[in-house]
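>>> Please find the sequence and the predicted model below.
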Amino acid sequence: MLLIANADVYAPHPLGVRNLLLGGTEVLWMGPPGELPELPKALRAATTTIDLQGRRLIPGLIDGHVHVTGGGGEDGFKTRVPPVPLSRFTTSGVTTVVGLLGTDDVARGPRELVGTLYALREEGLNAWGYTGGYHVPATTLTNGVRSDLVFIEALLGIGEIAISDHRSSQPSFEELLRLASDAHVAGLMTGKAGILHLHLGDGPRGLELVRRALAESEIPARVWNPTHVNRKRALFEEALALARAGCTVDVTAFPVAQGEDAYSAAEALTRYWKSAAPAERVTVSSDAGGCLPCFDGDGRVTSMEVGSAGALLATLGELLALGVRLEDALPPFTSNPAQLLKLVGKGVIGVGSSADLVALDATGRAETVIIRGVVHVAGGKAVRRGTFES
């Protein structure tokens, strides 16, 4: 058991300074400073206290788009990115990841993805994933996306299916409708998120297929979940319209050069909030482990970077530097993805919620990280590492 003392709690709404008792994987009790819960003598003796001395305590960040097995491969096998080790997430304040396959859904497949998710769970991280990858027909474990979602507990939806991108399989309108229907029905059967997570490239068609689906099909808007919507400014305007129609849109915290026809994650969020689109319909993800390539006019890679889980806390820091209040900045990183993904108890702090907590130091870095009641980061350094981390 852990007693977290003198924490300035943002749940994500501000609660002021509180003491919290964690037991097992949950928050068992919360009260004002100076108060302690009634505990039997043996339990009290076995309880460890962490005094945060007024540091801000936030819900653990939920990264809803992560290449846990490594992404890339667009410029030969040598460009396949290695899997992301545990401490890269934890030292970045990320306590929950959703893994997926990208361009390479051949050399890397669903078996490797699910195995990597289970490995991260065994190392202490909360981990779920999507079935499929960039291409249609989707790569699966059970020869069907719907049965994957019904029978494989770790899989929450379908993705990332690529559209408006030269690397996609150029799926037809009918193919996308079928995938969205399978995601929706499997979600109804299992209580899972049941969403279709769509990779958006920078092609001129943008979100045309999704707009058409909303107009011509019975599939609920909440099923459609486009990501990378800040990669083009015009695409972002399309995404705002979809959010108003009931879709949840995902902003990617990738690097944006000055003068580039794109919005940084921080700028995209501030523009989103000013647009008066529903505040709960936007999330932020890092694309950690994914290749971030640049292409020439013939579709050949000219340069590449790799996504980092640290981009989430960096974006949060940018928002705070712009004058956004912490309680307003936090939901796209915490409660909004938890709501979208139907992760009960995640993304919030309260009695009965998951014991996934991050204490920030004065600079906004992750000073203490607790996942399922276990300390992973203390004093800004990883105290638990992945099996093959040095």
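Happy to help now that I have it.
>>> So Leu179 belongs to a strand, correct?
No. Counting by DSSP: H, G, I helix; E, B strand; the rest coil, Leu179 is not part of a strand but helix.
>>> Quick check, pLDDT for it.
The score at Leu179 is 98. That number is its pLDDT.
>>> Please report how far it lies from Ala215.
Per CB to CB, to the nearest Å, Leu179 is found 18 Å from Ala215. Glycine gets a C-beta too; all of them are placed from N, C-alpha and C.
>>> And these two? Which one has more around it.
Leu179 (23 against 8; other CB atoms under 10 Å).
>>> wait, isn't that one in contact with Val145?
Yes. Between Leu179 and Val145 there is a contact at 6.6 Å, judged by CB atoms under 8 Å.
>>> what do these two both touch?
Residues touching both Leu179 and Val145 (CB atoms under 8 Å, 6 or more residues apart in numbering) are Gly132, Ala138, Ile158.
>>> out of those, who's nearest Val17?
Ile158 (43.1 Å; CB to CB).
>>> Show me what the closest one bridges to in the sheet.
Thr131, Leu196 (DSSP bridges).
>>> so Met30 makes contact with Ser353?
No. Using CB under 8 Å, Met30 makes no contact with Ser353, being 9.5 Å away.
>>> Can I get stretch 84-91 in PDB? Just the C-alpha atoms.
C-alpha atoms of stretch 84-91 as PDB (Å, rounded to 0.1, in the frame of the first residue of the first chain):
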ATOM      1  CA  VAL A  84      10.000   0.900 -27.600                       C
ATOM      2  CA  PRO A  85      11.400  -0.100 -24.100                       C
ATOM      3  CA  LEU A  86       9.300   0.300 -21.000                       C
ATOM      4  CA  SER A  87      11.200   3.200 -19.400                       C
ATOM      5  CA  ARG A  88      10.800   5.300 -22.500                       C
ATOM      6  CA  PHE A  89       7.100   5.400 -21.700                       C
ATOM      7  CA  THR A  90       7.300   5.600 -17.900                       C
ATOM      8  CA  THR A  91       9.800   8.500 -17.700                       C
END
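>>> Please list the outside residues in contact with that stretch.
Residues contacting stretch 84-91 (CB under 8 Å, 6+ apart): 63, 66-68, 70, 95, 97, 120, 123-125, 288-289, 308-310, 366, 369, 371, 376-377, 380-382, 384-386, 388-389.
>>> Of these, just the buried ones, PyMOL syntax please.
Typed into PyMOL, the next command selects the buried ones out of the contacts of stretch 84-91 (criterion: 16 or more other CB atoms under 10 Å):
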select buried, resi 63+66+67+68+70+95+97+120+123+124+125+288+289+308+309+310+366+369+371+376+377+382+384+386
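>>> Narrow the contacts of stretch 84-91 to those in helices?
Leu120 (DSSP state H).
>>> Restricted to strands, list the contacts of stretch 84-91.
Using DSSP state E, the members of the contacts of stretch 84-91 that fall in strands are Asp63, Val66, Thr95, Val97, Ala366, Val369, Ile371, His376, Val377, Lys381, Ala382.
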